[in-house]
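A.B. asks: missing the sequence, but the structure's below:
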């Protein structure tokens, strides 16, 4: 059974993360299937835009600690979203954690329901939000990034909009997205591609400059003793040894 479901309506293809049993955690399999689905969208002239959605109450819980993706593969997925020649829109109606925020940050437009919440939980398991910084740091308000990266605390959808993570917040996320998708349907394919290239120039430069360093840094952190303790504590549902 696929972990990505696909549906199309009037030129908009919705790719839904469909692994609710593990809160749409970013496993090697899910990352691979999402990359394949995006490739198909890029090649299909009938697709004007892509919506990235989810089943269940969690958009994505971040990396699957039991079956994590190769960091190079995950970087390639984030870059694929940024460089897709069609707009990618995140539809968030629930919780988003860690690597899942990297997916949202890679999208061109993101709408969230008012009851959604977010957290960079990496520091709490002994690692850092290294790879997801590629799309995020060029877009986030710097002081807010420092606070939420370092503290790992939860923040709500209104705060996510204030700091530049999401575009719009509404009680009904689909109502908020309706005029956005209508606008994308009215735009020519070539103009959308050209305009997206203008908008993502700084993010693409960051990938070119920093991707290899951040992959190596992430791999080093995940191999550390603190990460082993943090991930074990998480899986065992206990506090890590460093908690004061």
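C.D. replies: Yep, it's here. These figures come from a predicted structure and were not determined experimentally. Residues are numbered from 1 along each chain as shown.

A.B. asks: now the element after whichever helix in the chain runs longest, going C-ward?
C.D. replies: Taking DSSP state H as the criterion, the chain has its longest helix at helix 201-222. Going down the chain from helix 201-222, the next helix or strand is helix 225-235, by DSSP states H and E.

A.B. asks: what residues does that next one touch?
C.D. replies: 65, 66, 124, 125, 126, 127, 221, 239, 240, 241, 242 (CB atoms under 8 Å, 6 or more residues apart in numbering). C-beta here means a position set from N, CA and C on the backbone, and glycine is covered the same way.

A.B. asks: before we move on, what about stretch 175-186?
C.D. replies: 10-12, 48-49, 51, 87, 89, 91, 109, 111, 167-170, 192.

A.B. asks: switch the cut-off to 6 Å
C.D. replies: 11, 12, 48, 49, 87, 109, 111, 168, 170 (CB atoms under 6 Å, 6 or more residues apart in numbering).

A.B. asks: buried residues in that stretch?
C.D. replies: Buried residues in stretch 175-186, counted by 16 or more other CB atoms under 10 Å: 176, 177, 180, 181, 184.

A.B. asks: and the strand or helix carrying residue 74, how far out from the chain middle?
C.D. replies: Take DSSP H and E as the rule and residue 74 turns out to sit in helix 71-83. Between the centre of helix 71-83 and the centre of its chain there are 10 Å (CA atoms, centre = their mean, to the nearest Å).

A.B. asks: and the average pLDDT for it is what?
C.D. replies: If you average the pLDDT over helix 71-83, you get 97.

A.B. asks: ok and it relative to helix 201-222, angle-wise?
C.D. replies: Here helix 71-83 runs at an angle of 160 degrees relative to helix 201-222 (axes from the mean of the first three to the mean of the last three CA atoms, to 10 degrees).

A.B. asks: which parts of helix 71-83 are buried?
C.D. replies: For helix 71-83, by 16+ other CB under 10 Å, it's 71, 74, 75, 77, 78, 79, 80, 81, 82, 83.

A.B. asks: ditto for stretch 139-148
C.D. replies: The neighbour-count check on stretch 139-148 (16+ other CB under 10 Å) flags 140, 144, 145, 148 as buried.

A.B. asks: assign the third one to helix, strand or coil.
C.D. replies: Okay, so that is residue 145. With DSSP: H, G, I helix; E, B strand; the rest coil as the basis, residue 145 sits in helix.
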